[in-house]
Every structure is written in structure tokens, then in C-alpha cells.
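# Provided below for reference: sequence and predicted model.
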Amino acid sequence: METGIQIGDVLLVTSIMFFIGVYGFVTRKNLIAVLMSLEIIINAAAINFVLINKLVFTTNLHGVFFTFFILAVAAVEVAIGLVIILNLYRLKDSIDPEEITTLKH
Amino acid sequence: MTERIIFYILAFIMIVFSLMSVTSTKIIRSAIYLLGVLMATAGLYFLFNLNFLGAIQLTVYAGGIMVLIVIAILLTHHVGFGLPVPDKKHMILGWLAAMIGITISFFQFTTHTFKPKIGNLDDRVSKMGADMLHYGDGGFVLPFEVISILLLAGIIAAITIAKGGIPHLKKRLKSGQPTTVSSSTKKQ
């Protein structure tokens, strides 16, 4: 299996994905788009856990288990985040992060 | 060799689709590109012989989370809604931050020498299930249970937030009255 795939290639790909997600996170002007960039970031981190487990530290399965738990936490986080966004939309008719200042006053 | 070629194809798909997902000006297209990224990730897990993890990635991420995101988009925007292009200053600063981050991490992992592979990984699904419910050394039963409580808390929180007294709060917000919890409960 997996002959010839170097750990450096994997790390390069996932770090590029991670920082593309960071770019989207800081430039997007829409809360759902921000949440989608966050998904790219989480996904890149999860790939790193799995492939370092698979290619470097192969004595146990801890990286794979961490990815399971990352998946569960990401599912909960997206569900709660989207519920909050929908509620804000009903309240303010907008999901622009610069207009949502309800908690400030 | 074949694995290597498949890996490069999947990596190309992941990078290009995530780039399009953060730069696309149509929000629904952005969601579909994100779906492509998640499915290519599942393909990567299948390539590395982790079939169970790939199946979880497909059902939870590409199935569940993407459906949630698409429904949230349809509830808050028109289908052809165009996202505003970020202004020049934010764009340059964002690319600068991303480039600096990529450069730093690239130098980090090119100068670091990784240990050669140690041991042989037992990645059968039966081994994963046994480890997940094992309470001795190397077992994961405590985080497993904590995750189940987290999921329950997530469901309850979603219901509570979604129900919330929004029309009441909205009227109050429009008339300029304070919207704190104490004042709204006092009235009730």
C-alpha cells in the first residue's frame, strides 16, 4: 500500500489547504461563508492527524481516533453555528458579520 | 506508483476546489466546491486503506453537514445570491497572511527530519471498534462517552436557540428598548 507517498507532500498539501481556509475566514463578509472556510481548516487538520498516524507513528491508531472525535465535534459545531446564524437572520434580516452587534449594547 | 498518481490527483482536486470555495462569488457554488473538497478527502482516506474513516467522512461531512449548510443557504439567500468581492486591502492582507503561514510551515517541515516508519499499523475495523470501547491502556471509552454527551447537549442547544422568543425580541429591538434577558423575563 501507499508506496512512494512522502509525508512531506502530504504536509505541503494540507498546509496549503489550511491557509486557503484562513484566507477565506478573514476576507468573507457572510457568516455562512465564514463557517464554510472553517470547515476547510478543520478538514486539513483532520487529514494531518490521519496521515501522520498512517505514515510516521504506526504503532497505534490514536490519530484515526482523534479524527473521529474531530468529525463529531465539527458536526455539533456546524449545527449550533447554523442555528445561531438562522436566528440572527430572523432577528436582523442580515448575516453580515459587521452588522451583527447585538451583544455589544 | 499508481497510488502516488492518485494521491497527486486528489491533492490537486482538494487545493483547487478549496481555492474556488473561498473565492467564488456565488454562495451556492461555494458550498458545492466545499462538497468536492470533502469528497476528495474521503477518497484520500480510502486510498490509505482506512475504509471506515472514509465512510464516516462521506456520511457525516459530505452527507450531513453539507445538507445543513445548503438548507441554511436556501433559508437565508436567494438561489443566485452573489457574495460581495472583498475589498483590495482585505484581499492583500489575507493573501499576505496565508503566504507567510505557508512559508513558515513549509520551512518547518522541510528542515525537520521525520523518523522512519515504526511498527506495522493494525487498521482493521474490528481493532478500531475494540479500541474505541476499551477502558484500559490505549482505550478511548471516556472520550467516546463525552462525545455522546456533547451530541446530546448540541441537540438540546439547537432546539432551545431555534425556538427562542424571536418575534418578541425583534419588536423590542425595533422600539429601541434594551434586549437583555432580565428585562424580557420581567415582562413575562
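That came in fine, so what should we check first?
# check contacts around B:Leu10.
Contacts here follow CB atoms under 8 Å, 6 or more residues apart in numbering or on different chains; on that basis B:Leu10 touches B:40, B:43-44, B:47. In short, each C-beta sits where N, CA and C put it, glycine included.
# Now the helix or strand where it lies: buried residues?
Assessed by DSSP states H and E, B:Leu10 sits inside helix B:2-23. Within helix B:2-23, the residues that qualify as buried are B:7, B:10-11, B:13-15, B:17-23, counting by 16 or more other CB atoms under 10 Å in any protein chain shown.
# picking that back up, out of the contacts of B:Leu10, who's the most crowded?
For the contacts of B:Leu10, counting by other CB atoms under 10 Å in any protein chain shown, the largest number of neighbours falls to B:Leu44: 26 neighbours.
# Surely A:Asn60 is in a helix?
No. Using DSSP: H, G, I helix; E, B strand; the rest coil, the secondary structure at A:Asn60 is coil, not a helix.
# That one contacts B:Gly138, correct?
Yes. In terms of CB atoms under 8 Å, A:Asn60 counts as a neighbour of B:Gly138; the distance is 5.9 Å.
# shared neighbours of those two, anything?
When contacts are counted by CB under 8 Å, 6+ apart, A:Asn60 and B:Gly138 have B:Asp131 as shared neighbours.
# More neighbours: which of the two?
A side-by-side neighbour count of A:Asn60 and B:Gly138, using other CB under 10 Å, places A:Asn60 first with 15 against 11.
# where does chain B dip in pLDDT?
Counting by pLDDT under 70, the ranges of chain B that qualify are B:80, B:119, B:165-188.
# ok, how many other residues are close to whichever residue of chain A sits closest to chain B?
Closest approach of chain A to chain B (CB to the nearest CB) occurs at A:Gly24, with a separation of 3.0 Å. Other residues near A:Gly24 number 27, with proximity taken as other CB under 10 Å.
# residues in contact with it?
Residues near A:Gly24 by CB under 8 Å, 6+ apart: A:33-34, A:36-37, A:40, B:21-23.
# ok, now with 7 Å
A:37, A:40, B:22 (CB atoms under 7 Å, 6 or more residues apart in numbering or on different chains).
# could you redo the buried residues of helix B:2-23 as TSV and give each row distance to A:Thr67?
Written out in TSV, the entries for these read as follows (distance: CB to CB, whole Å):
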residue	distance to A:Thr67
B:Phe7	18
B:Leu10	17
B:Ala11	18
B:Ile13	20
B:Met14	16
B:Ile15	20
B:Phe17	20
B:Ser18	18
B:Leu19	23
B:Met20	25
B:Ser21	21
B:Val22	23
B:Thr23	27
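# ok, those vs chain A, which is closest?
The nearest member of the buried residues of helix B:2-23 to chain A, counting by CB to the nearest CB, is B:Val22 at 3.0 Å.
# Skipping its backbone neighbours, what lies nearest the closest one in space?
Nearest-residue entry for B:Val22: A:Gly24, 3.0 Å, with adjacent residues in sequence omitted and distances by CB to CB, 6 or more residues apart in numbering or on different chains.
# now B:Ala98
A:Phe19 (4.0 Å).
# quick one: that neighbour and A:Leu11, what's the gap?
For A:Phe19, the distance to A:Leu11 equals 12 Å [CB to CB, to the nearest Å].
# quick one: which of those two has more around it?
For A:Phe19 versus A:Leu11, the count of surrounding residues by other CB under 10 Å is larger for A:Phe19: 26 against 22.
# That one: what's it in contact with?
Listed by CB under 7 Å, 6+ apart, the contact partners of A:Phe19 are B:98, B:101-102.
# Shouldn't it be within a strand?
No. The secondary structure assignment for A:Phe19 gives helix rather than a strand, going by three-state DSSP.
# Show me where chain A dips below the pLDDT cut-off.
In the predicted model of chain A, residues A:1-3, A:103-105 satisfy pLDDT under 70.
# Tell me the buried residues in the helix or strand containing B:Ile102?
B:Ile102 is part of helix B:88-111, with elements assigned from DSSP H and E. Of the residues in helix B:88-111, those buried under the neighbour-count criterion (16+ other CB under 10 Å) are B:94, B:97-98, B:101-102, B:105.
# What of stretch A:42-56?
Of the residues in stretch A:42-56, those with enough neighbours to count as buried (16+ other CB under 10 Å) are A:42-55.
# Those residues in helices, which ones?
Judged by DSSP state H, these include A:42-55 as members of helices.
# and the helix or strand harbouring B:Ala55, how far out from the chain's middle?
Assigned by DSSP H and E, B:Ala55 falls within helix B:51-56. The offset between the C-alpha centroid of helix B:51-56 and the centroid of the whole chain comes to 16 Å, using CA atoms, centre = their mean, to the nearest Å.
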